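1. got a predicted structure plus its sequence, pasted below:
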Amino acid sequence: MKYFIHFFTLLLVLGLFCSESIFAQEETGVFNTTVQFKGNNSNNPDDVSGLPNVHQATAEEIQLRNEIKELRKQNDRSLHDRIMELENRLEALNPNSVSKPGEPYYGGVALADNEIYPNIPMNIGNVEIYNSGTKYVSSIATATEQIGATAGRIWVAFSIRTASDHDTLRVFYSDNNGVNWTSYVYGWLGGTDQINYDQMDMEIIENTTGEKYLWIGYGYRSDAGTGRWRTGVLVLQTPTFAYGFFALSWPGDDATKRYYRLRITSDNATYASDPWVYMVASFDSLNGAIHDNTQKTLRCTDPYTVTPTFEYKGDRFYWHTGTNYLEDLHSDIAYFQNSNDSLIVSYSNVPDSTGIFFAKGDIYNGPGTSIGAGGGVRGTEANDYKQFARISSNGNDNGSIICVFRQFTNNVWRVKHFRTINYGNFNTMVQSVLLGSPISHSYQPDIVGKRNKSIHYYTWRVDGNPDSIYYAGISSTGSFNPYVTLMNSQSIISGVVGPKPGFRYVDADSCFIAYVPTGPYDVWAAYGCSGPVSDVETNGTSLDNYSLSQNYPNPFNPSTKIKFELPATSNVSLKVFNILGELVSELVNETLETGTYEYQFNSKVLPSGVYFYKLEVQEVNGNTHFVDVKKMILMK
């Protein structure tokens, strides 16, 4: 039996969720960048000074790469030793790579007491996962399992700060889509090491045998947060419990080097039996009075272990600059497949922070190039500052790569995304309108892509009274599904530790975020949406569930389209109401067969304002009763 809700009660709830009249849309048309910056000089697009030399693969290397790729595609774990033999031969031919076992780190991890934390649902569905008391939550990350018997298990990891002492790590999981939470492990850093604020990322590597490996990466500092800047990784094995704690150390690492904002991706979507993990860190090297700012990468070719070997790429990946002051550079990395296995790295908050820089490289060399990636991309508002760029891929060959970031426009920080369906070539892209509030600042967004699908989810915080956490789903064709403007139950949200997007395994409802209230204290989860959410597949349709899409365009004048899907023959009613609950139009009142339907609503005789459209469905040969209501805005 599907749920049904009294219409006027739902109107009240929607008024809470959609308190701001901003609905996600993309700008019309395709945006083409007229120049492609080969380096970091925004005044001369052909300046390549300082860029690393991209290693040109020899015939022997190409042959080895092709043989490795063909073996990995067989999805047979018994071939791993042969793949590693070929990989070692290949690494010996690559002057830019240094392989060494993970440097053991002197922290510790122990299984928790497995206490189940009951939920106290409020509004959309919110539950406090952890109460820190008066301690700070310094970083948080989340990820969802996607294969095997535990597919749908949501993981949340976070660090707790104690003044002048080491941070502790907590990892929880939920097996009922974010409603209840179980404490899994308790860990601690060594000495007085502390994880930097909002510098944690997580990737789940899922073996076809049922064993899962949680890779939790972070940036940290020694001496109670005043010492060296380094990056580290905690690897957790489950359900067989084992762990490994590692400090990452690139060639030439010393006290003058600064590594931070570590991000992780993998090719697990393509290679289930033999995946590889890839990481990027922002990097600063003090050379006299000049800081060389860039990014460093590494990979692990056997993440199904708690004693990994890391292959460090010694050279910078792409962009760099020299300044006489410290930067806070935002890097991210994503894997995608386009006949060949590839990596794309984004880089934002550079001194010329009106642009977001993109570079591509294969999975072997390390150094990348802007050719075929976009170099410095600025979008429609070319002179507006841009920060916190995050990129997402579905890990497959659908070409969909999305970059979400925040942008300073008209004295307000807003959120925006660039979307490309041509494998990360941001010279040709579609971009969203400015999202968030036109009068209140938006804070750092983050994004996640669902593996081997065509859907991405992103979230961010908006100042307000109360504060609001926004959650959006965007398909590879630009369809927004869902777009929720108030996921949180706590009225003041941390601007230091941003909310992290995830997804649920619930029919027609994918919304999930992990977030931290002001302080930053405590860890909360928000789950569920204001209406059904379809998991948009590559072909843009999904008839597994009843669903009502957001009207498009929205706001609209004078007409808009309303789309819904029926998995079975049903009696269907589609009506439009004004803000007072008065019926203004009946678009459908008949029996319809299985399929996707789209109706046009014309508002020529209606005044500007807020309207609601209600879909009510009764399955003809079953008991399913489905009701959904969505809000739309007529703006004349």
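-> Everything's here; your move.
2. dump the host helix or strand of Leu64 to CSV, restricted to CA.
-> Take DSSP states H and E as the rule and Leu64 turns out to sit in helix 59-73. What follows is helix 59-73, C-alpha atoms only, in CSV (Å, rounded to 0.1, in the frame of the first residue of the first chain):
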residue,chain,number,x,y,z
ALA,A,59,54.7,1.0,-27.3
GLU,A,60,55.6,-1.4,-24.4
GLU,A,61,53.6,0.6,-21.9
ILE,A,62,50.6,0.8,-24.2
GLN,A,63,50.7,-3.0,-24.6
LEU,A,64,50.9,-3.5,-20.9
ARG,A,65,48.0,-1.1,-20.2
ASN,A,66,45.8,-2.8,-22.8
GLU,A,67,46.5,-6.2,-21.3
ILE,A,68,45.7,-5.0,-17.8
LYS,A,69,42.5,-3.4,-18.9
GLU,A,70,41.3,-6.6,-20.7
LEU,A,71,42.1,-8.7,-17.6
ARG,A,72,40.3,-6.3,-15.3
LYS,A,73,37.2,-6.3,-17.5
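3. which residues of the stretch 51-200 of the chain fall in helices?
-> Here the stretch 51-200 of the chain has its helices, by DSSP state H, counting those that start in this stretch, at 59-73, 80-92.
4. can you redo those helices as TSV with mean pLDDT and mean neighbour count?
-> (Each C-beta comes from the backbone N, C-alpha and C, glycine too.) Listed next are the helices of the stretch 51-200 of the chain as TSV, based on pLDDT from 0 to 100; neighbours: other C-beta atoms under 10 Å:
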stretch	mean pLDDT	mean neighbour count
helix 59-73	91	15
helix 80-92	89	15
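5. would JSON lines of those with distance to Val576 be doable?
-> JSON lines is the format used below for those (distance: least, C-beta to C-beta, whole Å):
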{"stretch": "helix 59-73", "distance to Val576": "51"}
{"stretch": "helix 80-92", "distance to Val576": "58"}
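6. those helices: which one's closest to Gly609?
-> helix 59-73 (55.6 Å; C-beta to C-beta).
7. neighbouring contacts of stretch 57-69?
-> Ile83, Leu86, Glu87, Arg89, Leu90, Leu93, Asn94, Asp341, Tyr364, Asn365 (C-beta atoms under 8 Å, 6 or more residues apart in numbering).
8. apply 6 Å and report the result again.
-> Ile83, Leu86, Leu90, Leu93 (C-beta atoms under 6 Å, 6 or more residues apart in numbering).
9. pLDDT weak spots in the chain?
-> 1-24, 33-43, 45, 50, 113-123, 365, 508, 530-543, 623-624 (pLDDT under 70).
10. quick one: the helices in it?
-> 7-17, 59-73, 80-92, 222-225 (DSSP state H).
11. among the ones you listed, which is nearest Pro558?
-> Using C-beta to C-beta, the helices of the chain put helix 7-17 closest to Pro558, at 22.9 Å.
12. right, and Tyr312 touches Lys100 too?
-> No. In this structure, Tyr312 is not within contact of Lys100 by C-beta atoms under 6 Å, at 7.4 Å.
13. which parts of the protein belong to which domain?
-> 7-24+542-634, 101-527 (automatic domain parsing).
14. could you export these as TSV, including distance to Glu61 and mean neighbour count?
-> Converted to TSV, the domains of the chain look like this (distance: least, C-beta to C-beta, whole Å; neighbours: other C-beta atoms under 10 Å):
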stretch	distance to Glu61	mean neighbour count
domain 7-24+542-634	42	17
domain 101-527	8	21
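15. now distance to Pro52 too, for those domains, in a markdown table please.
-> Listed next are the domains of the chain as a markdown table, based on distance: least, C-beta to C-beta, whole Å:
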| stretch | distance to Pro52 |
| --- | --- |
| domain 7-24+542-634 | 38 |
| domain 101-527 | 4 |
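16. keeping just the C-alphas, turn stretch 227-234 into CSV.
-> Taking C-alpha atoms only, stretch 227-234 is exported to CSV below (Å, rounded to 0.1, in the frame of the first residue of the first chain):
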residue,chain,number,x,y,z
GLY,A,227,52.0,21.4,13.4
ARG,A,228,52.7,19.8,10.0
TRP,A,229,49.9,19.6,7.4
ARG,A,230,49.5,16.0,6.3
THR,A,231,46.9,13.6,4.9
GLY,A,232,45.9,10.2,6.1
VAL,A,233,43.6,7.2,5.4
LEU,A,234,41.7,4.8,7.6
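17. which elements pack onto the longest strand anywhere in the chain?
-> The strand spanning the most residues in the chain, taking DSSP state E as the definition, is strand 194-206. With contacts taken as 3 or more C-beta pairs under 6 Å, 6 or more residues apart in numbering; DSSP states H and E, strand 194-206 sits against strand 136-144, strand 212-221, strand 257-266.
18. for Tyr599, which of the helices of the chain is the nearest?
-> helix 7-17 (19.1 Å).
19. returning to what we had before: turn the helices and strands packed on strand 194-206 into a markdown table, including distance to Asp328.
-> Listed next are these as a markdown table, based on distance: least, C-beta to C-beta, whole Å:
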| stretch | distance to Asp328 |
| --- | --- |
| strand 136-144 | 15 |
| strand 212-221 | 11 |
| strand 257-266 | 8 |
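20. for the ones you listed, which one sits closest to Thr305?
-> strand 212-221 (7.8 Å).
21. can I get that closest one in PDB, CA atoms only?
-> Taking C-alpha atoms only, strand 212-221 is exported to PDB below (Å, rounded to 0.1, in the frame of the first residue of the first chain):
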ATOM      1  CA  LYS A 212      33.300  -4.200   1.900                       C
ATOM      2  CA  TYR A 213      36.200  -1.700   2.500                       C
ATOM      3  CA  LEU A 214      35.500   1.800   3.800                       C
ATOM      4  CA  TRP A 215      38.200   4.200   2.700                       C
ATOM      5  CA  ILE A 216      38.100   7.300   4.800                       C
ATOM      6  CA  GLY A 217      40.500  10.000   3.800                       C
ATOM      7  CA  TYR A 218      41.200  13.200   5.700                       C
ATOM      8  CA  GLY A 219      43.600  16.100   6.200                       C
ATOM      9  CA  TYR A 220      45.200  16.500   9.600                       C
ATOM     10  CA  ARG A 221      47.800  18.400  11.600                       C
END
